[in-house]
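> here is a sequence together with a model predicted from it:
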Amino acid sequence: MTVREQTQTIERLTLSRYATLSENSRGRTRPEPEDPLRPCYQRDRDRILHCKAFRRLKQKTQVFLSPEGDHYRTRLTHTLEVSQIARTIARALRLNEDLTEAIALGHDLGHTPFGHAGERALNRLCPGGFTHYQQSLRVVEYLEKDGKGLNLTWEVRNGIVTHTTGEWARTLEGCTVRYADHIAFLNHDIEDAITAGVLSNSALPPDAVRILGSTKSQRITTMITDLVENSSAGEMHFSPDVEDAYHLLKDFMYSTVYVDKQAKREEKKVDKVVEELYARLCDNPSLMPNFYMQIAYKEGIDRAVVDYISGMSDHFAIRLFEDLFVPQKWQVL
């Protein structure tokens with residue numbers, strides 16, 4: 001018996017009847033020989049962790065654009081926090097932790113530079129619209145490895161594309177990541193907003209604080225514990241009180257911090273940067289690397305430009321904008 005087979009036996013003996021077992025995966029688009037050590041979801045996790053799109057998350061905005069300070073979240077730190085929360089929930093419910101972690105690490109691979117401001121800009125410009133969760137799926141299915149994709153299992157791909165809105169994942173592990181994403185972004189955005197001086201802890205809705213707690217740690221613990229205690233028989237949900245408190249806090253953030261003039265004063269510049277890059281690259285696609293030229297030939301220029309821009313880090317997008325539109329210094333020798 002291989003190490004992988006031993007691990008799969010442990011899954012059968014220890015995981016919940018509602019968990020997704022590695023041996024029951026629907027498999028990959030392109031069949032591959034099994035790994036002697038790692039079950040399929042461990043392999044998916046490792047492929048995501050080592051891919052280029054994952055590394056670029058370190059220089060992609062979460063909420064605050066180019067903040068002064070070392071402790072604000074980026075898209076990468078957000079992803080790691082989602083993974084930690086999701087794994088805690090999965091372990092408590094005896095779900096497949098490897099599948100949960102793979103989905104969590106891959107859920108935002110398709111996010112644009114400049115956070116949701118960049119996503120909104122591309123959504124306006126792209127003829128077919130743009131959403132980061134659909135782009136995350138495109139990244140793992142096609143864009144990574146120069147058009148080969150990561151060839152992930154069906155369960156991981158399903159969890160990635162359903163992590164934000166619309167239809168829920170077909171696995172409880174995918175549903176876990178969706179809850180973890182909401183828990184993470186709401187609470188770390190509050191902490192970042194307090195650090196940035198655009199929010200005070202005393203301004204949070206008293207009814208939400210009373211139920212969830214007054215600190216980030218208390219709120220996350222309350223929400224995780226409540227979700228675990230109220231999830232059974234293959235269904236996941238908060239208790240009514242925590243559900244109401246969560247939505248109260250979320251509505252508060254969307255009506256205050258997420259529209260705060262100080263925090264969002266740079267977002268109009270994002271529109272300008274993305275719009276100008278999009279127009280120039282559509283007019284002159286030869287400015288893109290050859291891989292995206294091939295996409296333009298097969299799927300159209302708009303598709304190639306969206307793929308190229310959405311994959312950029314904040315720094316790269318700004319640097320390319322400067323190269324294309326800002327006069328450069330020169331010297332006469």
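Yep, that arrived. Quick caveat, the model's predicted, so the values are computed rather than measured.
> what's near enough to touch the most centrally placed residue in the chain?
The geometric centre of the chain, computed from its C-alpha atoms, lies nearest to Asp108 (C-alpha atoms, centre = their mean), at 2.1 Å. Counting by C-beta atoms under 8 Å, 6 or more residues apart in numbering, Asp108 touches 57, 75, 78-79, 132, 136. Bear in mind the C-beta positions are built from the backbone N, C-alpha and C, glycine included.
> now do 10 Å
Under the criterion of C-beta atoms under 10 Å, 6 or more residues apart in numbering, the neighbours of Asp108 are 53-54, 57, 60, 62, 75-76, 78-79, 82, 132-133, 135-136, 139, 160, 163-164, 181.
> could you do His163 as well?
Residues in contact with His163 (C-beta under 10 Å, 6+ apart) are 82, 86, 103-104, 106-108, 132-133, 136, 169, 174-175, 177-182.
> in ChimeraX, select just the buried ones from these.
Below is the selection syntax for ChimeraX that covers the buried ones among the contacts of His163, with 16 or more other C-beta atoms under 10 Å defining burial:
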select :82,86,103,104,106,107,108,132,133,136,169,174,175,177,178,179,180,181,182
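> which ones among the contacts of His163 map onto helices?
In helices, judged by DSSP state H, the following of these are found: 82, 86, 103-104, 106, 132-133, 136, 174-175, 177-182.
> all strands of this structure, in order?
For the chain, no strands turn up when DSSP state E is the criterion.
> any stretches of it with poor pLDDT?
In the predicted model, the chain carries pLDDT under 70 at residues 63-71, 260-264, 330-333.
> can you tell me the closest non-neighbouring residue to His315?
Leaving aside its chain neighbours, His315 sits nearest to Gln59 (5.1 Å; criterion: C-beta to C-beta, 6 or more residues apart in numbering).
> so what's the closest residue to Ser313 other than its chain neighbours up against?
For Ser313, the nearest residue in space outside its immediate sequence neighbours is Gln59; the separation is 3.6 Å by C-beta to C-beta, 6+ apart. Neighbouring residues of Gln59 by C-beta under 10 Å, 6+ apart: 74-76, 113, 312-317.
> against Leu122, how distant is Arg265?
21 Å (C-beta to C-beta, to the nearest Å).
> hmm, Glu11 and Asn24 touching each other?
Yes: between Asn24 and Glu11 there is a contact under C-beta atoms under 10 Å: 9.5 Å.
> touching both of these two, which residues are there?
With contacts defined as C-beta under 10 Å, 6+ apart, the residues shared by Asn24 and Glu11 are Asn96.
> who has more neighbours out of these two?
Legend: neighbour count by other C-beta atoms under 10 Å for Asn24 and Glu11, higher for Glu11 (21 against 14).
> for that one, give me its contacts.
Each residue near Glu11 by C-beta under 10 Å, 6+ apart is listed here: 19-24, 39, 41, 94, 96-98.
> so which of the residues you listed comes closest to Arg210?
Set against Arg210, the nearest of the contacts of Glu11 by C-beta to C-beta is Arg94 (31.4 Å).
> distance of that closest one from Ala180?
Using C-beta to C-beta, one obtains 16 Å as the distance from Arg94 to Ala180.
> looking at the ones in helices among the contacts of His163, which is nearest Val198?
For those, the closest approach to Val198 (C-beta to C-beta) belongs to His182, at 21.0 Å.
> contacts only, for the closest one.
His182 sits next to 82, 85, 163-164, 223, 246, 250 when contact means C-beta under 10 Å, 6+ apart.
> and Gly213, by the same measure?
Remark: with contacts taken as C-beta under 10 Å, 6+ apart, Gly213 is in contact with 187, 219-223, 245.
> one more time with 7 Å
Contact criterion C-beta atoms under 7 Å, 6 or more residues apart in numbering gives 219, 222 as the residues in contact with Gly213.
> gap between it and Glu23?
Distance check for Gly213 against Glu23: by C-beta to C-beta, it reads 40 Å.
> how about Arg4?
Relative to Glu23, Arg4 is positioned 9 Å away (C-beta to C-beta).
> okay, the residue nearest to His111 when sequence neighbours are not counted and Arg26: tell me how far apart.
In space, not counting the residues next to it along the chain, His111 is nearest to His132; the distance is 4.4 Å by C-beta to C-beta, 6+ apart. Between His132 and Arg26 the computed distance is 24 Å (C-beta to C-beta).
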